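J.: sequence plus predicted model, see below.
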Number of protein chains: 4
Amino acid sequence: MNMNKKIPVGLLGATGTVGQKFIVLLQNHPWFEIKELVASTRSAGHKYADVCSWKQNTPIPDYIAGMTVIAAGKPLESPILLSGIESSAVGMLERDYAKQGHVIISNTSNHRMDSDVPIIIPEVNPDHFKLAKRQDYSGAIVTNSNCVVMPMAMALAPLHKHFGIQWVQLTSMQSISGAGYPGVSAFDIMGNVIPYIDKEEPKVETEGQKILGTLRDNYIEPADFVVSAQCNRVPVIDGHTATMSMKFRGSPPTVNEVKSVMREWRGMPQEKNLPSAPPTPLIVMEEDNRPQPLWDLLRAGGMSTCVGRVRECSIGDIKMVVMGHNTIRGAAGASILNAEAYIALGYLDGFQPV
Amino acid sequence: MNMNKKIPVGLLGATGTVGQKFIVLLQNHPWFEIKELVASTRSAGHKYADVCSWKQNTPIPDYIAGMTVIAAGKPLESPILLSGIESSAVGMLERDYAKQGHVIISNTSNHRMDSDVPIIIPEVNPDHFKLAKRQDYSGAIVTNSNCVVMPMAMALAPLHKHFGIQWVQLTSMQSISGAGYPGVSAFDIMGNVIPYIDKEEPKVETEGQKILGTLRDNYIEPADFVVSAQCNRVPVIDGHTATMSMKFRGSPPTVNEVKSVMREWRGMPQEKNLPSAPPTPLIVMEEDNRPQPLWDLLRAGGMSTCVGRVRECSIGDIKMVVMGHNTIRGAAGASILNAEAYIALGYLDGFQPV
Amino acid sequence: MNMNKKIPVGLLGATGTVGQKFIVLLQNHPWFEIKELVASTRSAGHKYADVCSWKQNTPIPDYIAGMTVIAAGKPLESPILLSGIESSAVGMLERDYAKQGHVIISNTSNHRMDSDVPIIIPEVNPDHFKLAKRQDYSGAIVTNSNCVVMPMAMALAPLHKHFGIQWVQLTSMQSISGAGYPGVSAFDIMGNVIPYIDKEEPKVETEGQKILGTLRDNYIEPADFVVSAQCNRVPVIDGHTATMSMKFRGSPPTVNEVKSVMREWRGMPQEKNLPSAPPTPLIVMEEDNRPQPLWDLLRAGGMSTCVGRVRECSIGDIKMVVMGHNTIRGAAGASILNAEAYIALGYLDGFQPV
Amino acid sequence: MNMNKKIPVGLLGATGTVGQKFIVLLQNHPWFEIKELVASTRSAGHKYADVCSWKQNTPIPDYIAGMTVIAAGKPLESPILLSGIESSAVGMLERDYAKQGHVIISNTSNHRMDSDVPIIIPEVNPDHFKLAKRQDYSGAIVTNSNCVVMPMAMALAPLHKHFGIQWVQLTSMQSISGAGYPGVSAFDIMGNVIPYIDKEEPKVETEGQKILGTLRDNYIEPADFVVSAQCNRVPVIDGHTATMSMKFRGSPPTVNEVKSVMREWRGMPQEKNLPSAPPTPLIVMEEDNRPQPLWDLLRAGGMSTCVGRVRECSIGDIKMVVMGHNTIRGAAGASILNAEAYIALGYLDGFQPV
């Protein structure tokens, strides 16, 4: 990428936890520059620092702190809008901005399962960007997956391609940051496990098949495997861990074949050396007791999925543990990587990659 | 039970966490009286209160605090010995005391899978006590299951009986108290998930089949189902939670049938009204987000297994969440209930039930 | 106390965390019977179990679960109303009900510092009940202290009486349950210390002097010592711990004198053997590292204050650690004990103590 | 500093938690290069990665992982040895290596209070390095302070200089990483406060006076103020928080004067722009509820002390909260900064600063 100047981006839901993570991750980004902070009318008109309950372990960057928040719905100038707040209102908003010509790179679930909206993991299905051409917007809406689907789909992608997945049993142990702020009451989660997360299991059971599906005549034919999910909240700040048992379609690969295929897996972000691409999308660990959120969360800046305990299963063929950073690779970082891929593949008019 | 005086019991591993829980649970027990505290030679000869790192939220009972600890291996007088410390040394010790005529009601895994040692859950397989007759001891060794197996096997027992289990996928989220004291370093588990517990998964994958097996000609024919376990440590103090997906042998029961069968399940401890028997061995909850260790741990004094989220599974037939108190129903309380059942069934010579 | 039938009580703020604790603590109470559950109009008209987000480790008692919640402000029949929700609206409510003849035993801070409202710790200042006679209500409002003031004032009471306190430096480490539900976000407190609690330090710096003050001509002359408080939130579920350094007025007592005076201290609740009175109001511990919330919280059912590490201070004279159960002795249990004392002292017309 | 090649350093206690932090912080250090890893004979002869229980959130650097651990006591070549393991054995070891000509930059408490060993905070007392000249070693031993003393002494330094401190009441809330690994059992600290840390309070009550003392005729005349410390362990992973109330000698400064003096404070590391120097040694915060370990720990890479809630005290003159990173500024980072200062001041023969 060789650009004379950075691409202006706007943030929808700039004061939320995903919005904050966008700000942290875009500091010193080589391609993007935050130009517009959009939030609810309650915050609009105020300086960002005055209305944001900042929950990051680095201070608000100075150039952001003083920016005036823009009311959602107002006209914007940035060609790319990163969207991070979940709500039906935001769903409408994304559509309106797309109609006005903006490219919405969304972390929200509002439109993920719409038939003309792709869920992109650039290592997996960059061809799905084309699906957005069916949208009748002058702009576009592109999404990334749910934060548990991310490590699951990344781990499954090379395995499905090589060996064909039949089914996946998944139990997640999800961190509290996935619930936003204030999110989970300390009273509910300290020293506790909550064996339920509202609306989470249906996402985990469907998004992966769309991502690993095949684009045919501008429709996605979902991958033909079944996911059964059991989602739990645990007292962890960042990082979603999941156990998976999987059955393959044909004669199953060995443990070593599974590990090899995962370790060697690279995709378009690595080939094009995108700024936010992890060198190794899947880090396969050999230690008995890894990955762990506490120690492995920030591998590759939180953009890799960590995999461990790959071993045979007496019911499925293979079981394993996956762990990923839910607010980086599973949210803000995923959107940023999608924006990078969108541009690198030449979809943003007027911004040509090298 | 109508006894003129209480039955003396000794505790093997009296200073450990399970030993301490025995002491707490046996305060005011109607049948048993702690007469002998046995621990390593390092503690022997000292007053219990001086050598025990007491980690219970009630003080050491006065009559225990002043008792002198006896060295493991010394001759004992109590007919029943409750055993709570895991180690190969203790394995030998249990055998030696059994040879000397004591009945060892053990919480340890040392002899669980020996072909002549039963793993008893009195609601499930009280007939297995007879297996101990094959032991060539003048006493006997009787065990209870691993602390994850306990809620799993309790939940499966009525279902296996009615519908026939084919396989169970289980992912556990286990509390730190299962690791004893000092056990898990705070540095390892605070805000973290450890996706591995040493030697745990093999136990979870085998003990249940023995418990639900059939006694034939004084041998156990294990139940014919497969368990695949993925065990995790989470930052919870007490209470093991597990997700389960299960496949039945024939045409699967409905969700309501599964709940009914679990709710109505009673066993010998309930029928004979044993002192430590929970009125309802399986508490089936309807709330979306239950059971939770924080709120449900002490139902029936920690002796019930809590079950929730019973629903259909797209891979197995039914999935659900189980949760039990790992140091009560999964350890000390289990042994005490086994001792009560042993006596109530007339196996302890000289101590006749009503 | 010899009563033919139990005294009906109503709960103001019945669905809140203090309200819930009232319900738990009043199960099987020998004197009181919950007859009326009062909450906001939003909950009114519904069954308690349907509108309460119950956060206790025992289930809602059956007779409570089915009771219909009454809207705050409606006429009530119970002579005694226990009040547990903080808010200016409740402040008005308490006054209105007092005007209608009810005795409000309040845990809220609304009226604590009113000149005609006593803050009662029955071991310390039961004579202050008389202050309520100055109120121009046909009923009365009586309060208990803030949850940090409780262990502080209990520890100081015998010391001030014997030796005269000049000042107290206090740093608290307060549990999350003090903030109610949902209260503190897990995101804010897990693995963290928050060195601030809104409106807390002014209470800690003033309430103790009122409690330990002298009733003269129906006015309280506050005790003449200074408190400087620094209040912190820590990731503990229940139990407030505080370090204190104190300076005495005259020649300071020795460490042993301080411990003796604290250990021997008894008051009116112990003398009259009130149902909720702890046998030993101050439990003075000798271990280096006690008290700790995890192990000592439930001493005397949460009604004692635990004291430890009594030692000389190089700035004040004596320093020590105090710890108390903030939702029992520091809230619901305190109100219940106040109600018991109120009746035992003959202040409730028509209900005579023995 | 303009050096042709980096200065070789050895690590004493390389496998411990402070040793690990040395390794993390010295990655890409412009002046130093780790050449020797020293640990107990048990680890000696093995590759570092094979014997170290690595507990950092970045992987072991490759060049370290393969280095062979050297047995403590063996001859070493590095002129500078960073020492990080507490024990009397290490105390001897430091002395032996100093006799052999090495400069020991130690984080341990073994020799801190020796009359010829300086405790250095380079912003505060770089002149104290000269004290080491009294040592009869061809090398030298130089120490940094205890991890609670660090934020306390940093905060007090400019205040003592400007206004004269008379006394300080301090209550600490210390993280578990201060106890090393395995350190604190999860069972002891999860959801708990331990109001005691072995041997900690005497250090907090004496080290600050030495650091802020005056070097006269090669002896330290300790600063003439009194510290009374009450040290607590709380469930925080990294970061020690402390409340302080302080009395000044003369007429006390205003809150604004205190803040100004702290904010403007700089020292030799800032003037010489040492590689590990924080730009602002004291970050004074205005928010009511800051500093907090969770959000403020990594300010300036963990090398600044954060100060908040500066306000008047009704007993002392001023109270405030301080918070610092106990394993960076309070341990490994402190030693590294000391090593940098030692060299920058020209004390290391043959290594001249610019």
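T.: Perfect, I can see it now.
J.: the host helix or strand of A:Ser260 and chain B, are they touching?
T.: Using DSSP states H and E, A:Ser260 falls within helix A:255-264. No: on the criterion Cβ under 8 Å from any Cβ of the partner chain, helix A:255-264 is out of touch with chain B, staying 14.6 Å away. Glycine gets a C-beta too; all of them are placed from N, C-alpha and C.
J.: export whichever helix or strand comes after that helix to PDB, keeping only CA atoms.
T.: Later in the chain than helix A:255-264, the nearest helix or strand by DSSP H and E is helix A:268-271. C-alpha atoms of helix A:268-271 as PDB (Å, rounded to 0.1, in the frame of the first residue of the first chain):
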ATOM      1  CA  MET A 268      -4.600 -13.200   2.100                       C
ATOM      2  CA  PRO A 269      -3.700 -10.900   5.000                       C
ATOM      3  CA  GLN A 270      -0.400 -12.700   5.500                       C
ATOM      4  CA  GLU A 271       0.300 -12.800   1.700                       C
END
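J.: got the domain boundaries for chain A?
T.: A:7-146+A:332-344, A:149-325 (automatic domain parsing).
J.: flag every residue of the stretch 251-354 of chain A that's near chain D.
T.: Within reach of chain D by Cβ under 8 Å from any Cβ, the stretch 251-354 of chain A has these residues: A:294-299.
J.: can I get these in a markdown table with distance to D:Gly178, neighbour count and secondary structure?
T.: Formatted as a markdown table, these follow (distance: Cβ to Cβ, whole Å; neighbours: other Cβ atoms under 10 Å in any protein chain shown; DSSP: H, G, I helix; E, B strand; the rest coil):
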| residue | distance to D:Gly178 | neighbour count | secondary structure |
| --- | --- | --- | --- |
| A:Leu294 | 17 | 21 | helix |
| A:Trp295 | 19 | 20 | helix |
| A:Asp296 | 23 | 24 | helix |
| A:Leu297 | 22 | 24 | coil |
| A:Leu298 | 22 | 16 | coil |
| A:Arg299 | 26 | 23 | helix |
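J.: can you redo the domains of chain A as JSON lines with distance to D:Thr41?
T.: Output for these, formatted as JSON lines (distance: least, Cβ to Cβ, whole Å):
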{"stretch": "domain A:7-146+A:332-344", "distance to D:Thr41": "40"}
{"stretch": "domain A:149-325", "distance to D:Thr41": "25"}
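J.: go through those and name the closest to chain C.
T.: The minimum distance between chain C and those falls on domain A:149-325, with 3.7 Å, by Cβ to the nearest Cβ.
J.: is chain C within reach of that closest one?
T.: Yes: Domain A:149-325 reaches chain C (Cβ under 8 Å from any Cβ) through A:176-177, A:181-191, A:235, A:237.
J.: could you give the mean pLDDT of that domain?
T.: Domain A:149-325 shows an average pLDDT of 97 in the prediction.
J.: now the strands: where do they sit in the stretch 251-354 of chain A?
T.: With strands called from DSSP state E, counting those that start in this stretch, the stretch 251-354 of chain A shows them at A:282-284, A:305-312, A:318-324.
J.: let me redo that: chain A
T.: A:7-12, A:32-39, A:70-71, A:80-83, A:103-106, A:140-143, A:165-174, A:214-216, A:219-221, A:226-233, A:240-248, A:282-284, A:305-312, A:318-324 (DSSP state E).
J.: and the strands of the stretch 251-354 of chain A as JSON lines, adding mean neighbour count?
T.: Output for the strands of the stretch 251-354 of chain A, formatted as JSON lines (neighbours: other Cβ atoms under 10 Å in any protein chain shown):
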{"stretch": "strand A:282-284", "mean neighbour count": "22"}
{"stretch": "strand A:305-312", "mean neighbour count": "21"}
{"stretch": "strand A:318-324", "mean neighbour count": "26"}
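J.: JSON lines please, covering those and showing distance to chain B.
T.: Converted to JSON lines, the strands of the stretch 251-354 of chain A look like this (distance: least, Cβ to the nearest Cβ, whole Å):
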{"stretch": "strand A:282-284", "distance to chain B": "14"}
{"stretch": "strand A:305-312", "distance to chain B": "6"}
{"stretch": "strand A:318-324", "distance to chain B": "4"}
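J.: for B:Glu221, which of the ones you listed is the nearest?
T.: Evaluated with Cβ to Cβ, the strands of the stretch 251-354 of chain A place strand A:305-312 nearest to B:Glu221, the distance being 25.4 Å.
J.: for that closest one, packing partners?
T.: Applying 3 or more Cβ pairs under 8 Å, 6 or more residues apart in numbering or on different chains; DSSP states H and E, we find strand A:305-312 packed against helix A:149-163, helix A:255-264, strand A:282-284, strand A:318-324.
J.: residues touching the last one, excluding its own?
T.: Strand A:318-324 is contacted by residues A:147, A:150-152, A:154-155, A:239-246, A:248, A:252-253, A:255, A:258, A:291-293, A:296-297, A:304-313, A:330, B:193, B:195, B:228, B:230 when judged by Cβ atoms under 8 Å, 6 or more residues apart in numbering or on different chains.
J.: now list the buried members of those.
T.: Burial by neighbour count, 16 or more other Cβ atoms under 10 Å in any protein chain shown: within the contacts of strand A:318-324 this picks out A:147, A:150-152, A:154-155, A:239-246, A:248, A:252-253, A:258, A:291-293, A:296-297, A:304-310, A:313, A:330, B:193, B:195, B:228, B:230.
J.: before we move on, back to that, the strands of chain A: which one's closest to C:Met262?
T.: Closest to C:Met262 of those is strand A:226-233 (Cβ to Cβ; 42.9 Å).
J.: tell me the buried residues in the closest one?
T.: By 16+ other Cβ under 10 Å, the buried positions in strand A:226-233 come out as A:227-233.
J.: what about it, near chain B?
T.: Yes: judged by Cβ under 8 Å from any Cβ, strand A:226-233 comes into contact with chain B at A:226-228, A:230, A:232.
J.: for stretch A:179-187, same thing?
T.: No: counting by Cβ under 8 Å from any Cβ, chain B has no neighbours in stretch A:179-187; the shortest distance is 8.7 Å.
J.: what do you get for stretch A:329-340?
T.: No: applying Cβ under 8 Å from any Cβ, one finds stretch A:329-340 separated from chain B by no less than 15.3 Å.
J.: for that stretch, the averaged confidence score.
T.: Mean pLDDT, stretch A:329-340: 98.
J.: chain D contacts on the stretch 1-150 of chain A?
T.: Close to chain D, as judged by Cβ under 8 Å from any Cβ, the stretch 1-150 of chain A has residues A:55-59.
J.: if we can go back for a sec, of the residues of domain A:149-325 next to chain C, which ones also sit close to chain D?
T.: By Cβ under 8 Å from any Cβ, the members of the residues of domain A:149-325 next to chain C lying near chain D are A:190-191.
J.: what's the most distant pair in the residues of domain A:149-325 next to chain C?
T.: Greatest spatial distance in the residues of domain A:149-325 next to chain C: A:Tyr181 and A:Gly191, 20.7 Å, computed using Cβ to Cβ.
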